[in-house]
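S.K.: here are the coordinates; sequence isn't available:
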Ligand SMILES: NCc1ccc(-c2ccco2)nc1
């Protein structure tokens, strides 16, 4: 049975975390994304006007899947599209033979400009993979039956390398018990129900329920209902929701309160320091919040700001999928 571990390296400001992956004969740094289900890469087929500065997947090592294409648009309106090869993909020593590697023939400017990422490795459910006419499986689904245990874990960290482990739980990576909650994968995501929340010294997480949420390593920030974001920033002097800046900003001189949320039988805390995401300009006077209100979406997105404060288990060992959360 297979098991393995790969480093999760933070990009600037922890905007994303990229991991070394071998696809065929090519070494790439991919953004592992539990919010999508395509493994797509910058490749020798990508126009050179779009691929400068990126490591490229050499398609000559793969077998092209005849007639297969893909096209993906993410919530931030970035996206890419292309053709599909079958090749061997290795992540932390775990080998997927005949893995669909989606080679980009077009990539949006956000990806072109982010030369730290050579593509994405989707870890959501294969039901939302975009390959047509025959849908393909994610890396995890491709190797699932060969793993010692049908699960992977995410141990992202603030400002330093963390890890993704496949096929086992490394108990040295978490303190305390793992709290498990049921997953609703009907939308293809690692969906769960978040309970009440609280702010600062009140660790009760007794407030209104946040409701439906997804665990999404490919989203930088923590998006909650607008009422929850508003209640949080009432505690931050000078905070304002500035649409021209894209959300809540505040004077960087603030010491931000912690954010506590009930999930299952546990209460999980995001330290206030994690919610001081980054200065909005070089003067460093105004800072952008790591906790933001959703744009009217009914779904909260527990992105890296939340995930990097915890050890998270993405578990398909049971009859139905579940998520596990533990303090690190
Ligand atoms: N949640 C999926 C996702 C991941 C990364 C990106 C991205 C855009 C530019 C650089 O990276 N967009 C969306």
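M.R.: Received the coordinates, thanks. As the structure is a computational prediction, the values presented were derived from the model and not from experiment. Residues are numbered from 1 along each chain as shown.

S.K.: got the buried residues for stretch 95-106?
M.R.: Buried residues in stretch 95-106, counting neighbours by 16 or more other Cβ atoms under 10 Å, are found at 96, 99, 100, 101, 102, 103, 104, 105. Backbone N, C-alpha and C define where each C-beta goes, glycine included.

S.K.: Nearest to residue 238 among the residues you listed?
M.R.: Closest approach between the buried residues of stretch 95-106 and residue 238, by Cβ to Cβ: residue 104, at 42.8 Å.

S.K.: Got phi/psi on residue 13?
M.R.: phi 60, psi 20 (degrees, to the nearest 10).

S.K.: correct me, but it touches residue 277?
M.R.: Yes - checked against Cβ atoms under 8 Å, the pair residue 13 and residue 277 is within contact range at 7.1 Å.

S.K.: What segments of the stretch 101-250 of the chain are helices?
M.R.: In the stretch 101-250 of the chain, the helices defined using DSSP state H, counting those that start in this stretch lie at 109-113, 139-143, 226-233.

S.K.: how far does the first one sit from the chain's center?
M.R.: Between the mean C-alpha point of helix 109-113 and the mean C-alpha point of its chain there is a distance of 18 Å (Cα atoms, centre = their mean, to the nearest Å).

S.K.: And the ligand, is that helix touching that?
M.R.: Yes - contact of helix 109-113 with the ligand (Cβ under 6 Å from any ligand atom) involves 110, 111.

S.K.: and that helix, which residues are buried?
M.R.: So helix 109-113, judged by 16+ other Cβ under 10 Å, has buried residues 111, 112.

S.K.: Let me know the average pLDDT across that helix.
M.R.: Mean pLDDT, helix 109-113: 98.

S.K.: Identify all contacting residues around the helix or strand where residue 288 lies.
M.R.: Taking DSSP states H and E as the criterion, residue 288 maps to strand 286-289. For strand 286-289, contacts defined as Cβ atoms under 8 Å, 6 or more residues apart in numbering pick out 221, 229, 233, 239, 245-252, 254, 275-280.

S.K.: helix or strand right after it?
M.R.: Counting by DSSP H and E, what follows strand 286-289 is strand 291-293.

S.K.: Residues touching that next one, excluding its own?
M.R.: So strand 291-293 is contacted by 221-226, 228-230, 232, 241, 247-248, 259, 270, 275, 305 (Cβ under 8 Å, 6+ apart).

S.K.: which of these are buried?
M.R.: 221-225, 228-229, 232, 241, 247-248, 259, 270, 275, 305.

S.K.: Of these, which is the nearest to residue 169?
M.R.: Among these, residue 270 lies closest to residue 169 (Cβ to Cβ), at 22.3 Å.

S.K.: Got phi/psi on that closest one?
M.R.: With angles defined as degrees, to the nearest 10, residue 270 sits at phi -100, psi 120.

S.K.: again with residue 309
M.R.: Main-chain dihedrals, residue 309, degrees, to the nearest 10: phi -90, psi 0.

S.K.: Please verify my assumption that it contacts residue 271.
M.R.: Yes - if you go by Cβ under 8 Å, residue 309 and residue 271 touch, sitting 6.5 Å apart.

S.K.: the strands in the stretch 201-328 of the chain, which residues?
M.R.: For the stretch 201-328 of the chain, the strands defined by DSSP state E, counting those that start in this stretch cover 211-215, 222-224, 240-242, 247-251, 259-263, 266-270, 276-279, 286-289, 291-293, 300-302, 310-315, 322-327.

S.K.: just checking, what packs against the fifth one?
M.R.: Contacts defined by 3 or more Cβ pairs under 8 Å, 6 or more residues apart in numbering; DSSP states H and E place strand 259-263 against strand 191-194, strand 197-199, strand 266-270.
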